[in-house]
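[1] Attaching a predicted model along with its sequence, questions to come.
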Amino acid sequence: MIPKNFKDRVIAPSLLAADFSRIGDEVSRAIHSGADWMHMDVMDGHFVDNISFGPAVIQTVHESNDIFLDVHLMISRPDHYLSRFIAAGSDLITVHVEAEHDVAETLGRIREAGCQAGLAINPATPLKAAEPFLDQIDLLLCMTVVPGFGGQAFMPEVLEKIEAAAKFRETNGLSYHVEVDGGIDAVTAARCFAAGANVMVAGSSTFRAPDMAAAIRSIRNS
Ligand code: DX5
Ligand code: ZN
């Protein structure tokens, strides 16, 4: 579940980096390795230049494992597909401010369905673009790579935006967690925690680590 305190550290391995031939086992491996959430990277081949998986995979993971599903919709029309991701068992649905939809309306529909609502902004998108919606979300995802692929290098220029997002929340008495996603490992997580983020999405550095539990611990304690 989503913690109450914005300082509570959450580690969310990204399924995109898992062995797709054994998805069910990979999710339970992550749970036994200490994962708090499972980050589900949905890609449509339009909004990002890659295609991953859809509601059916969310549904099988939801039915076969008991873990909070943090669904990241990197799709052009999140409004069009929303009901299917809700029905599939998503716990938190994050949509991009850059996608082709009425952002406020989509966020409202996510919450009306009883899901937590997240808003994602790409590295090149200024925080200003998200400001009109920050009072309608439970989580702000500051992408630390250009979305589409795992295994990319962390973009340190996003740290300034993370600080600004955490400050905006305090100044305006708002209540959203700050999540980062892309190139996160123990070293970059330490910088993001220090900047004010508390939810760390990590794909390669957890699923591809020789010891997943140690990798998750090193991020959590960084
Ligand atoms: C990229 C995805 C990220 C990615 C993270 O579009 O949104 O979640 O899978 O992968 P790593 O941790 O390997 O950068
Ligand atoms: Zn993601």
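    Perfect, thanks for sending it. Numbering: from 1, shown residues only. Ligands and ions are numbered 1, 2, ... in the order given.

[2] Enumerate the beta-bridge partners assigned to the closest residue in space to Asp36 that isn't next to it in sequence.
    What sits nearest to Asp36 in space, not counting adjacent residues and going by Cβ to Cβ, 6 or more residues apart in numbering, is Val10, at 4.7 Å. Every residue, glycine included, has its C-beta placed from N, CA and C. For Val10, the beta-bridge assignment (DSSP bridges) gives partners Val199.

[3] what sits against Val10?
    By Cβ atoms under 8 Å, 6 or more residues apart in numbering, the residues touching Val10 are Pro3, Asp36, Trp37, His177, Glu179, Asn198, Val199, Met200.

[4] can you put those residues in JSON lines and add neighbour count?
    As requested, the contacts of Val10 are exported to JSON lines (neighbours: other Cβ atoms under 10 Å):
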{"residue": "Pro3", "neighbour count": "13"}
{"residue": "Asp36", "neighbour count": "22"}
{"residue": "Trp37", "neighbour count": "22"}
{"residue": "His177", "neighbour count": "23"}
{"residue": "Glu179", "neighbour count": "29"}
{"residue": "Asn198", "neighbour count": "19"}
{"residue": "Val199", "neighbour count": "27"}
{"residue": "Met200", "neighbour count": "29"}
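
[5] Just name the closest of the residues you listed to Ala129, please.
    Taking Cβ to Cβ as the measure, Ala129 sits nearest to Glu179 out of these, at 16.6 Å.

[6] For that closest one, name its beta-bridge partners.
    Beta bridges link Glu179 to Leu141, Val199, judged by DSSP bridges.

[7] Surely it and Val199 touch.
    Yes - when contacts are counted by Cβ atoms under 8 Å, Glu179 is listed as touching Val199 (3.7 Å).

[8] For the residue nearest to Leu119 when sequence neighbours are not counted, give me phi and psi.
    Excluding its sequence neighbours, the residue lying closest to Leu119 (Cβ to Cβ, 6+ apart) is Ile137, at 4.9 Å. Reported as degrees, to the nearest 10, the phi and psi values for Ile137 are phi -130, psi 160.

[9] Would you check how far apart Ile137 and Ile110 are?
    Using Cβ to Cβ, to the nearest Å, one gets 9 Å for the distance from Ile137 to Ile110.

[10] Walking through the chain, point out its strands one by one.
    Secondary structure of the chain (DSSP state E): strands located at 10-13, 37-43, 68-74, 92-96, 116-121, 139-143, 177-181, 199-202.
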